[in-house]
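>>> From the sequence below, what's the structure:
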Amino acid sequence: MLAIRVRLGAEWLVSPAARGANILLAYVVLKALFPLRTARLVVLLLAASPWSQFAGPAQADVAHLHAHLHVLLASAGSRACTLQRHARHGGGNDGTALGMMSLIRPLDAAIVAGLYSASGR
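Numbers count the residues shown, from 1 in each chain. Predicted structure coming up:
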């Protein structure tokens with residue numbers, strides 16, 4: 001991700017954009033799993049947490065932020081395709097997100113893929 005930031009000339013922009021995408025995707029996933037009020041409260045706490053505010057810029061160069069983004073992409077894509085009853089496309093979305101995650105953090109991607117297969121997604 002550092003190479004993309006340098007190529008765009010906006011090293012400062014990618015980390016806040018990725019954190020914002022994480023918060024939005026967390027809302028999509030939580031809204032599908034929990035009541036709306038709970039999902040909104042959790043997302044509010046996630047966005048306002050000191051970890052997100054102060055440690056977020058320091059996470060710009062580590063892979064945790066981007067691995068979290070790919071896990072949420074896989075979860076949101078899986079949930080959206082389950083709701084629309086397009087199970088074939090859901091596997092492609094999950095696989096693409098987990099494949100991208102395996103390029104960043106291979107062990108975490110293998111663990112998430114094992115959890116997805118165990119849950120029957």
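
>>> pLDDT weak spots in the chain?
1-2, 11, 54-62, 77-91, 120-121 (pLDDT under 70).

>>> what does the strand or helix carrying residue 117 contact?
Residue 117 belongs to helix 106-119 when assigned by DSSP states H and E. Outside helix 106-119, the residues that touch it by CB atoms under 8 Å, 6 or more residues apart in numbering are 67, 70, 71, 74, 78, 94, 98, 99, 101, 102. To be clear about C-beta, it is placed using only N, CA and C from the backbone, and glycine gets the same treatment.

>>> spatially speaking, which residue is in the middle of the protein?
By CA atoms, centre = their mean, the chain has its centre lying nearest to residue 69, at 2.4 Å.

>>> and the gap between that one and residue 8?
Distance, residue 69 to residue 8, by CB to CB, to the nearest Å: 17 Å.

>>> can you check residue 76 too?
25 Å.

>>> These two - which one has more neighbours?
The neighbour comparison of residue 76 against residue 8 (other CB atoms under 10 Å) goes to residue 76, with 21 against 10.
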